[in-house]
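[1] can't give you the sequence, but here's the structure:
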């Protein structure tokens with residue numbers, strides 16, 4: 001969150017805008033702490049607790065601010081673009097190059113060229129390698145009841161139009 005916040009702040013320093021326009025561009029939701037992550041501690045014998053709050057154990061999802069700039073995706077970097085992340089797992093690229101500064105603005109992420117040989121200094125990522133799987137977190141099939149989805153599937157398959165619309169939305173964050 002801090003890196004994304006600094007990047008956004010730097011952009012506004014480099015591209016000065018009227019305050020009202022900057023406010024519109026930043027949007028309503030700031031990249032800040034989740035207030036639900038803390039709860040107050042009740043006073044004991046009339047004396048306030050020290051500290052007055054405690055962290056509530058929970059899983060806190062990473063904010064999506066700047067997600068377009070964080071390819072490759074999934075915990076192990078096994079999906080090169082946001083578009084590929086939204087496709088069924090069996091259709092995702094199996095091999096791609098990591099380390100180039102070439103960016104795919106349509107699919108949003110690393111540029112993938114089937115059969116490409118990675119240049120010197122660029123790493124070839126192969127999803128068949130140990131720990132490199134790009135399975136899971138998949139949108140596929142027609143089931144809409146989340147309790148009936150197969151293992152690794154998190155939602156029904158998306159149409160090309162839905163997938164494109166989601167990628168366009170994620171570009172705005």
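    Cool, got the structure. Predicted model only: the values in this text are computed from it and were never measured.
[2] Secondary structure element holding residue 167?
    helix 160-171 (DSSP states H and E).
[3] Check the average confidence over that helix, would you?
    The average pLDDT within helix 160-171 is 94.
[4] name the helices or strands packed onto that helix?
    Other helices and strands packing on helix 160-171, by 3 or more Cβ pairs under 8 Å, 6 or more residues apart in numbering; DSSP states H and E, are helix 82-85. The way it works is simple: take the backbone N, C-alpha and C, and place the C-beta from them, glycine included.
[5] Run through the strands of this protein in chain order.
    Taking DSSP state E to define them, one finds strands in the chain at 38-40, 53-55, 95-98, 103-104, 109-110, 123-126, 138-139, 153-155.
[6] export those to JSON lines and tack on mean pLDDT and mean neighbour count?
    JSON lines is the format used below for the strands of the chain (pLDDT from 0 to 100; neighbours: other Cβ atoms under 10 Å):
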{"stretch": "strand 38-40", "mean pLDDT": "72", "mean neighbour count": "12"}
{"stretch": "strand 53-55", "mean pLDDT": "71", "mean neighbour count": "10"}
{"stretch": "strand 95-98", "mean pLDDT": "95", "mean neighbour count": "20"}
{"stretch": "strand 103-104", "mean pLDDT": "94", "mean neighbour count": "16"}
{"stretch": "strand 109-110", "mean pLDDT": "95", "mean neighbour count": "24"}
{"stretch": "strand 123-126", "mean pLDDT": "94", "mean neighbour count": "14"}
{"stretch": "strand 138-139", "mean pLDDT": "92", "mean neighbour count": "21"}
{"stretch": "strand 153-155", "mean pLDDT": "91", "mean neighbour count": "15"}
